[in-house]
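In: Curious how this folds, go ahead:
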Amino acid sequence: MYLKKFYIKNFRAIQELELEFNRGLNILIGENNTGKSAIIDALRICFTYGDQWRDIYIKKSDFYIDKNNIEADSKEIEFHLVFEIENPIETGVFNELLVQNEDNTQELQLHFKYYIEERRGIEKIKHRVWGGEKEGQQITPEVLDLIYSVYLSALRDAVQNLRPTRGNRLGQLYTNLTTDKNGNPIDEEKRKELSSKLISTLSEDEDWLNLLKLGEEKVNEHLLETSLIGKEQSVKIDFFPLDFKRIVDNLRMQIPIYSEGTLQGDESKQKFLEIFQNGLGYNNLIYTATVLGDLKNKREIEPESYIALLIEEPEAHLHPQLQNILFNYLNKLNGFGIQLFVSSHSPTITAKANLDAVIVLQNQNNHVYSLSLSKSNLDDYNKKYLSKFLDVTKSQLFFSNGVILVEGISEALLIAQFSKMIGDDCEYDIEKKGIELVNINGVAFEHFAKLFNSDEEDKRLNIRSVILTDDDRNEETEEISSRAKKAIDLEGGLLKVKLGSITFEYELFIASEKNAEILLGIFQEMHPNAAKRINKGCSLEEFGKNFLEKVKSNKAKSELAHRLVMELITDEKKRSEFVVPEYIKEAIKWVVKGE
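Out: Numbers count the residues shown, from 1 in each chain. Take a look at the predicted model:
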């Protein structure tokens, strides 16, 4: 089985949220304060409810506070989990969670409610937990024990968690092994036999026996001198009768320094690094691998159980290439029957992810939204295209407060600077407002547009977006191109489309005579001979078309944009005189403020 739906109400910053999960890997992404950690913690609270040693509980500070209503009282915290049944045997094992739907399908449900009860001026947090459809259905500890999870925090300390101490991860891995590498069973009798072998080996070693005898004599020598005559005391020193768990809890990990080729078969020359001498990133990988080994083993010995792995920021301390390797491996775990919940801020991981595994979280006006891309309006073709072209830069759109989609490098270079030149005190500065500028290097806007243009809230990203493109109109008929018409048809939901007449550079040129002067001056520095041959025509519009023709023929678009942005940054006079075209202003104002 796997967790299919998770409903959260009045927990921390989440007033109400329903999430849909995939069978294997689920990646929660979004900017800070969008509820990623809250969701992971809510899952931890539910999954560990039956554990004897829990490390997370509901506190009063976990109850949702309505920032728009200071008088509002804390409400009940609710968690409702719906599990998809994959094997008919699960209906019997988890019978206390079973629900028969009206369409004759079956599912498993687990419900939690937490509330504050006041008695004699003292507030206490109470809770109710039930399985199935009707509140009051009790769940036995045996069923809760079959729901198992492991949590790796964002600030995980691999060195501490792998240290040879009671209950460490490495010891737990060995404790849970049920067969050796040859497939022979490791049961309780076998564990006792292994423990006895170790103690016997030490107890029968002459060097160890002599050492123990020497220490014993030293103690008894002084003990005799400090005892009353007739009441002499003495001690016997022997090995502690270690059981299997104590032995494996004291295993330690070391990292070989030399490869087999370097040693040339002489293992006695091998040297080792201790875990604390290794880098943080690789230690995180070692720790994660140890946990995965334990979970895979648990799945083999308890095939009927539900197992979840929750990881916050798996990218911690890993450079992009290692992030790719780890993430690709996590994708492979789908076949192990382990459900993974990963929260991440990494555009690298997002860019490499299967889009159906991605759940985007957004916080707009103190309301948390979620969009599972598998439930969006993206079709398979859109997903294939985005998977191919969503590099690290473009995938940052999932972490933004708004998106401007442009078709080329010229717009990408200049739009951010233009946003600083309109309004007062940089009120439309897209960088400070968290707006992402995405250059799609072409006109394939449809694949990106479907992330924003649905009229249904639960099928789109709930941030404003705009397509900024050219209309490529016919100079004789003034009719816009079919490509531009298709772009206009994409408008909907929170997506607007703003068209410039003919091309971006032409719009910049004709916005004002001062713009024309500045652009012509830059072009003259780049191509003085070509600039002399530009026909100024009888109007600014005709001049602009002739200027554009020379810019195109000299393949100077990107260099012109680069030089213009540098002049606007460094020359205050030109910056104050330059006029930003109206359609660009409208695009920026829409994305930043919804104007």
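
In: gap between stretch 445-458 and the chain center?
Out: 22 Å (Cα atoms, centre = their mean, to the nearest Å).

In: Flag every buried residue along that stretch.
Out: Of the residues in stretch 445-458, F445, E446, H447, F448, A449, K450, L451, F452, N453, S454 count as buried by neighbour count, 16 or more other Cβ atoms under 10 Å. For every residue, glycine as well, the C-beta is placed using N, CA and C.

In: Can you measure across that stretch, start residue to end residue?
Out: End-to-end distance for stretch 445-458, by Cα to Cα, to the nearest Å: 21 Å.

In: again with stretch 504-518
Out: Per Cα to Cα, stretch 504-518 runs 15 Å from first to last residue.

In: Report the buried residues of it.
Out: F504, E505, Y506, E507, L508, F509, I510, A511, S512, N515, A516, I518.

In: Dump the buried residues of stretch 445-458 to JSON lines, plus secondary structure and pLDDT.
Out: Output for the buried residues of stretch 445-458, formatted as JSON lines (DSSP: H, G, I helix; E, B strand; the rest coil; pLDDT from 0 to 100):
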{"residue": "F445", "secondary structure": "coil", "pLDDT": "95"}
{"residue": "E446", "secondary structure": "helix", "pLDDT": "95"}
{"residue": "H447", "secondary structure": "helix", "pLDDT": "94"}
{"residue": "F448", "secondary structure": "helix", "pLDDT": "94"}
{"residue": "A449", "secondary structure": "helix", "pLDDT": "96"}
{"residue": "K450", "secondary structure": "coil", "pLDDT": "95"}
{"residue": "L451", "secondary structure": "coil", "pLDDT": "95"}
{"residue": "F452", "secondary structure": "coil", "pLDDT": "96"}
{"residue": "N453", "secondary structure": "coil", "pLDDT": "96"}
{"residue": "S454", "secondary structure": "coil", "pLDDT": "95"}
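
In: what's the closest of those to Q109?
Out: Nearest to Q109 among the buried residues of stretch 445-458 is S454, at 29.2 Å by Cβ to Cβ.

In: Now do the contacts for that closest one.
Out: S376, N377, R460, G492, G493 (Cβ atoms under 8 Å, 6 or more residues apart in numbering).

In: L28 versus the second one, what's the distance?
Out: So the one you mean is N377. 21 Å (Cβ to Cβ, to the nearest Å).

In: So for these two, which sits in the more crowded spot?
Out: For N377 versus L28, the count of surrounding residues by other Cβ atoms under 10 Å is larger for L28: 22 against 17.

In: so how far is whichever strand or helix holds the more buried one off the chain centroid?
Out: Secondary structure from DSSP states H and E places L28 in strand 25-29. Distance of strand 25-29 from its chain centroid, counting by Cα atoms, centre = their mean, is 6 Å.

In: List the strands paired with that strand, with their directions.
Out: Strand 25-29 sits in its sheet next to strand 339-344 (parallel), strand 358-364 (parallel), going by DSSP bridges.

In: Make JSON lines from the ones you listed and add mean pLDDT to it.
Out: Formatted as JSON lines, these follow (pLDDT from 0 to 100):
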{"stretch": "strand 339-344", "mean pLDDT": "93"}
{"stretch": "strand 358-364", "mean pLDDT": "92"}
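
In: wait, E274 sits on P256?
Out: No - the pair E274 and P256 does not pass the contact test of Cβ atoms under 8 Å, sitting 12.0 Å apart.

In: where along the stretch 251-400 of the chain do the strands fall?
Out: 254-256, 272-274, 306-312, 339-344, 358-364, 367-372 (DSSP state E, counting those that start in this stretch).

In: how about those strands, which one is nearest N10?
Out: strand 367-372 (11.8 Å).

In: average model confidence for the closest one?
Out: Summarised as a single mean, pLDDT over strand 367-372 is 92.

In: same check, this time on stretch 466-483
Out: pLDDT averaged over stretch 466-483 gives 87.

In: For N535, grab the count of nearby residues.
Out: N535 has 12 nearby residues by other Cβ under 10 Å.

In: The longest strand seen in the chain packs against which elements?
Out: Criterion DSSP state E: the longest strand present in the chain is strand 106-119. Counting contacts by 3 or more Cβ pairs under 8 Å, 6 or more residues apart in numbering; DSSP states H and E, strand 106-119 is packed against helix 36-47, strand 77-84, strand 98-100, strand 122-131.

In: I'd like to know the average pLDDT value across it.
Out: For strand 106-119, mean pLDDT is 94.

In: Where does the prediction get shaky in the stretch 251-400 of the chain?
Out: 279, 281, 317, 334-335 (pLDDT under 70).

In: All the helices of it, residue numbers only.
Out: In the stretch 251-400 of the chain, helices defined by DSSP state H, counting those that start in this stretch lie at 260-263, 280-301, 320-332, 347-352, 380-389, listed in chain order.

In: ok, so what distance separates F547 from K574?
Out: 17 Å.

In: My error: substitute N439 in the last question.
Out: Applying Cβ to Cβ to N439 and K574 gives a distance of 25 Å.

In: same question, K532
Out: Distance, K532 to K574, using Cβ to Cβ: 22 Å.

In: who's more crowded, those two?
Out: Per other Cβ under 10 Å, whichever of K532 and K574 has more neighbours is K574, with 18 against 9.

In: so is that one in a helix, a strand, or just coil?
Out: helix (DSSP: H, G, I helix; E, B strand; the rest coil).

In: OK, contacts around it?
Out: Neighbouring residues of K574 by Cβ under 8 Å, 6+ apart: I518, E567, L568.

In: Now tabulate those in CSV and tack on distance to N382.
Out: Output for these, formatted as CSV (distance: Cβ to Cβ, whole Å):
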residue, distance to N382
I518, 40
E567, 39
L568, 36
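
In: would you list these in TSV and tack on distance to D238, pLDDT and secondary structure?
Out: Listed next are those as TSV, based on distance: Cβ to Cβ, whole Å; pLDDT from 0 to 100; DSSP: H, G, I helix; E, B strand; the rest coil:
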residue	distance to D238	pLDDT	secondary structure
I518	92	96	helix
E567	86	95	helix
L568	84	95	helix
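
In: and which of these is nearest K192?
Out: L568 (79.1 Å).

In: if I pick the closest one, what's in contact with it?
Out: Q417, M421, K574, R575, F578.

In: ditto for K514
Out: K514 touches E577, F578, V579, counting by Cβ under 8 Å, 6+ apart.
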